[in-house]
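# From the sequence below, what's the structure:
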Amino acid sequence: LTLSCASAIDNVGANGARDQISLIKYAVPELAFRIIDRSVQVHGGAGVCQDFPLARALAGMRTLRIADGPDAVHKRTVARLEVRKAVQMAQSRL
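The predicted model follows:
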């Protein structure tokens, strides 16, 4: 997903790859958060103590997800761009 997005940015520019950029901004932090959360679960109480970096990683990842913009904004951007593409395709068939 990330390599495809980077390739699209190289080929069509950031404006042309807005849908993929928004998808990356949602999908990658979400996946990383789920991985860190699962690691905390596996480690039990040790996962939330300060002896291991998991608690700090979990807090940092949550902060990053908020700082980069709410997930709903990225989802809405992808949805709007996909609807716009579908409308253009439907109009071109007429």
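# Can you tell me the closest non-neighbouring residue to the most centrally placed residue in the chain?
The chain has residue 26 as the residue nearest its centroid, 2.0 Å off, counting by C-alpha atoms, centre = their mean. The shortest distance from residue 26 to any non-neighbouring residue, by C-beta to C-beta, 6 or more residues apart in numbering, is to residue 74 (4.0 Å). In short, each C-beta sits where N, CA and C put it, glycine included.
# residue contacts, that neighbour?
22, 23, 25, 26 (C-beta atoms under 8 Å, 6 or more residues apart in numbering).
# any idea whether the first one is helix, strand or coil?
Pointing back at residue 22 there. Local secondary structure at residue 22 is given as helix here, using DSSP: H, G, I helix; E, B strand; the rest coil.
# and the gap between residue 65 and residue 49?
From residue 65 across to residue 49, the span is 23 Å (C-beta to C-beta, to the nearest Å).
# Show me which of the two is the more surrounded one.
When neighbours are counted by other C-beta atoms under 10 Å, residue 65 comes out ahead of the other of residue 65 and residue 49, with 19 against 11.
# can you count the residues close to residue 40?
Neighbours of residue 40 using other C-beta under 10 Å come to 18.
# What sits closest to it if chain neighbours are left out?
residue 47 (3.5 Å).
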